[in-house]
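**Q** Quick one, structure for this:
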Amino acid sequence: MKSLLLFRHAKSDWDNLELKDFDRPLNQSGDKAAKRMGRWMNENGIRPHWTVCSTAHRVQQTLQGLRGHLVIPDAQINHQDCLYLASVSTLLEVMALCPRDGGAVMLMGHNPGLEDLLLYLCGPGLPLSDKGKLMATATLAQVHLPNDWQQLAPRCGKLQQIIRPSEID
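**A** Below is the predicted model:
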C-alpha cells in the first residue's frame, strides 16, 4: 500500500482586495496553523518522501510553515502551477507521475480539488470538522492507496486519519 497525504493550504489573508487570488498570503492564524501542523506531523512520524505543491503564494507559505518543524528537503519538492485550483482529473494526472518507490507522497493545494479527490478515493461518509467541513484550511488527510499510482479508481483508498489544527494541541 502507498500513503498519500493531502494537505490543504492554511488560512489566507483577504485584507488586500487588490491582490489576485493566486497571490494572497497566509494570515497570522494560517501561519500559526501551518507551524502547528508541521510540529504535529514531525511528532507523529508523518514525513513525506515526495511533495507536490501548488505555486500559489499561500500554499508556498504553508509549506514553509510545515518545514519549520518538519524536514522536507528541496530535492523532494515539486512545485506545480497546475495544482492551483486543480480538478480531480488534474490531481490524478499529477499523482500518476509521482515516484513509485519510496514512502508517502504529499499533495499540497486547494479546495474544492483536494476535498473532491479525497471523496473520489475514499467515498462519502468521511468525518467532518465541528463546523461541518471535510478539508478545512490546514487539514491533513492520510490515505492508504494501492501500489500503482496510475490505476487509482473511485473508492480504492482507505482514510487512515484526518487531522485539523483545531483538533490538536
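**Q** Next one, pLDDT for the most far-flung residue of the chain relative to its centre please.
**A** Here the chain has its C-alpha centre computed as a mean, and the residue farthest from that point, by C-alpha atoms, centre = their mean, is Glu18 with 26.6 Å. For Glu18, the pLDDT comes out at 89.
**Q** Could you do Gly102 as well?
**A** At Gly102, the pLDDT recorded in the model is 71.
**Q** The protein: helices as residue ranges?
**A** Under the criterion DSSP state H, the chain contains helices at 28-43, 57-67, 88-96, 113-122.
**Q** could those go into CSV alongside mean neighbour count and distance to Gln80?
**A** For the C-beta atoms, the positions are set from N, CA and C on the backbone; glycine is no exception. Below are these laid out as CSV (neighbours: other C-beta atoms under 10 Å; distance: least, C-beta to C-beta, whole Å):
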stretch, mean neighbour count, distance to Gln80
helix 28-43, 19, 19
helix 57-67, 22, 10
helix 88-96, 17, 6
helix 113-122, 22, 12
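**Q** Using a markdown table, lay out the ones you listed together with mean pLDDT and distance to Leu140.
**A** As requested, those are arranged in a markdown table below (pLDDT from 0 to 100; distance: least, C-beta to C-beta, whole Å):
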| stretch | mean pLDDT | distance to Leu140 |
| --- | --- | --- |
| helix 28-43 | 97 | 6 |
| helix 57-67 | 98 | 9 |
| helix 88-96 | 95 | 16 |
| helix 113-122 | 98 | 10 |
